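A.B. asks: What would the 3D arrangement of this be:
(chains A and B)
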Protein chains: 2
Amino acid sequence: MYINEPMKKYLDESASGAPTPGGGSVAALVGALGAALSSMVCNFTVGKKKYKDVEAEVSEILAQSEQLRDDLTGLMQADTEAYSQVSAAYGMPRKSSKEKKARTQAIQEALKVALEVRLKAAKDAYEVLKLNEPLVEKGNVNLISDVGVAVALAEAALHSAALNVEINLAGIKDEAFCQEIRSQLDPIVDDGTRIKTEVWEKVEIAISG
Amino acid sequence: MYINEPMKKYLDESASGAPTPGGGSVAALVGALGAALSSMVCNFTVGKKKYKDVEAEVSEILAQSEQLRDDLTGLMQADTEAYSQVSAAYGMPRKSSKEKKARTQAIQEALKVALEVRLKAAKDAYEVLKLNEPLVEKGNVNLISDVGVAVALAEAALHSAALNVEINLAGIKDEAFCQEIRSQLDPIVDDGTRIKTEVWEKVEIAISG
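C.D. replies: Just a heads-up that it's a prediction; the model follows:
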């Protein structure tokens, strides 16, 4: 598990000529980093006298951001495993027509599994964005720039995960499946951009005074 | 050094109620992740027969992205150390007017040091974006989505680092210094967004066929 190994190993293997970790895994990690910063803002708010009125609400946001951080860290790992299956399927023999058929079927199945991991990462990154809508108003104002970084990272994670879903969809032949996935993905990509833009503006106004 | 410790430690401490690592450090890490993905695209291009014509150029991009990854990883650590100094300065005694004066001076100096770390991170993230302008045309087309993720992450890192510079500038009283820093920062933030938008569009066109 990368999470228990030195950070250097993950970065080195991402940069290397090995197929994993790739962009799908890194997108999930960046979503987890966005969740971590949201949690930090909550941790500097809960228990402070000045923020007593919002303590219950911010505690609830903290519980959710910690759950999302855990989920996204798991997806960082799961993406490397799912993508290894895709690579393995593409590497199957394709001499006879029987081999070709088996290979095509294995690719289609592996792509759907990889896609589900990335779709979950996109949905989780969107949830991280949603948590920062109340947090930018209610969190400790001394950490306002961290709310800004959290939404910038969560939006980049959402768009990156969605791009990886798109590249999987391009290889999937089941049109009804593709349409169903797009109907889930497109609204959260759009709404994620809206949230990021609105929260970022509030952060900039707070900083420039 | 976080880079040599389990990734879990960095994520847990980012999420915690400890002041570091904060948004400045995480922004530098995300820039390093963008550089790592750029390197991966290069590593899947160099040495491939199909890409022989661009091998020299892509090798040069690889050398630069690996240098930027190294720099940004160092800035991830440096930010935590610089920000600890800022925290320490704010914590200095301020009873006598002599103490007040010493504290103010220490804060001003520590903010300038922290700001330089973040300005360097912003500049490095911008350089990562610039490397992907030729890479989206010349890199292995099978890794086109990784070019997309690389620019999404590098842009988020650039904007996040710039936001952290802004929050430092808000605390610095030396107006000439602030103006000089803004004259360095503003053009790269704008041009970074241009590059990200252009590269991202090329990636989307390539994926949707």
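A.B. asks: The residue sitting furthest away from the middle of chain A and A:Arg103, how far apart?
C.D. replies: Relative to the centre of chain A, the most outlying C-alpha is that of A:Ser96, 39.8 Å out, by C-alpha atoms, centre = their mean. Taking C-beta to C-beta, to the nearest Å as the measure, A:Ser96 falls 10 Å from A:Arg103. Just so you know, the C-beta spots here come from the backbone N, C-alpha and C atoms, and that holds for glycine as well.
A.B. asks: same thing with A:Val149?
C.D. replies: For A:Val149, the distance to A:Arg103 (C-beta to C-beta) stands at 44 Å.
A.B. asks: of those two, who's got more company?
C.D. replies: More crowded of A:Val149 and A:Arg103, by other C-beta atoms under 10 Å in any protein chain shown: A:Val149, with 32 against 16.
A.B. asks: Going along the chain, name the strands of chain A.
C.D. replies: Counting by DSSP state E, chain A has no strands at all.
A.B. asks: right, is stretch A:3-20 up against chain B?
C.D. replies: Yes. Interface with chain B: stretch A:3-20 contributes A:3-8, A:10-11, A:14-17 (C-beta under 8 Å from any C-beta of the partner chain).
A.B. asks: ugh, wrong one, I meant stretch A:107-117
C.D. replies: No. On the criterion C-beta under 8 Å from any C-beta, stretch A:107-117 is out of touch with chain B, staying 11.7 Å away.
A.B. asks: quick one: buried residues of that stretch?
C.D. replies: Within stretch A:107-117, the residues that count as buried by 16 or more other C-beta atoms under 10 Å in any protein chain shown are A:107, A:110-112, A:114-115, A:117.
A.B. asks: ditto for stretch A:56-64
C.D. replies: For stretch A:56-64, a neighbour-count test (16+ other C-beta under 10 Å) marks A:57-58, A:61-62, A:64 as buried.
A.B. asks: Which one of these is nearest to chain B?
C.D. replies: Distance to chain B across the buried residues of stretch A:56-64 (C-beta to the nearest C-beta) is lowest for A:Leu62, with 9.1 Å.
A.B. asks: The closest one - nearest residue in space that isn't next to it in sequence?
C.D. replies: A:Cys42 (3.6 Å; C-beta to C-beta, 6 or more residues apart in numbering or on different chains).
A.B. asks: so that neighbour touches A:Glu60, yeah?
C.D. replies: No. Using C-beta atoms under 8 Å, A:Cys42 makes no contact with A:Glu60, being 9.2 Å away.
A.B. asks: Okay, helices next: where are they in chain A?
C.D. replies: For chain A, helices defined by DSSP state H occupy the ranges A:7-15, A:23-43, A:55-90, A:97-138, A:144-169, A:175-208.
A.B. asks: need the ones you listed in CSV with distance to B:Ala176 and mean pLDDT, can you?
C.D. replies: Converted to CSV, these look like this (distance: least, C-beta to C-beta, whole Å; pLDDT from 0 to 100):
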stretch, distance to B:Ala176, mean pLDDT
helix A:7-15, 38, 98
helix A:23-43, 32, 98
helix A:55-90, 40, 97
helix A:97-138, 32, 97
helix A:144-169, 23, 97
helix A:175-208, 19, 97
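A.B. asks: what about these, which gets the closest to B:Met76?
C.D. replies: helix A:7-15 (8.9 Å; C-beta to C-beta).
A.B. asks: Which other helices and strands does the closest one contact?
C.D. replies: The helices and strands touching helix A:7-15, judged by 3 or more C-beta pairs under 8 Å, 6 or more residues apart in numbering or on different chains; DSSP states H and E, are helix A:23-43, helix B:7-15, helix B:23-43, helix B:55-90.
A.B. asks: Just give me how far the shortest one sits from the chain centre.
C.D. replies: Translated: helix B:7-15. The chain centre lies 18 Å from the centre of helix B:7-15; the measure is C-alpha atoms, centre = their mean, to the nearest Å.
A.B. asks: can you pull the buried residues of it?
C.D. replies: Applying 16+ other C-beta under 10 Å to helix B:7-15 flags B:7, B:10-11, B:13-15 as buried.
A.B. asks: C-alpha coordinates for it, PDB please?
C.D. replies: The C-alpha coordinates for helix B:7-15 follow below in PDB (Å, rounded to 0.1, in the frame of the first residue of the first chain):
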ATOM      1  CA  MET B   7       2.700   9.300   2.800                       C
ATOM      2  CA  LYS B   8       0.100   8.700   5.600                       C
ATOM      3  CA  LYS B   9       2.100  10.900   8.000                       C
ATOM      4  CA  TYR B  10       2.100  13.900   5.600                       C
ATOM      5  CA  LEU B  11      -1.700  13.500   4.900                       C
ATOM      6  CA  ASP B  12      -2.500  13.000   8.600                       C
ATOM      7  CA  GLU B  13      -0.500  16.100   9.700                       C
ATOM      8  CA  SER B  14      -2.000  18.200   6.900                       C
ATOM      9  CA  ALA B  15      -5.400  17.300   8.200                       C
END
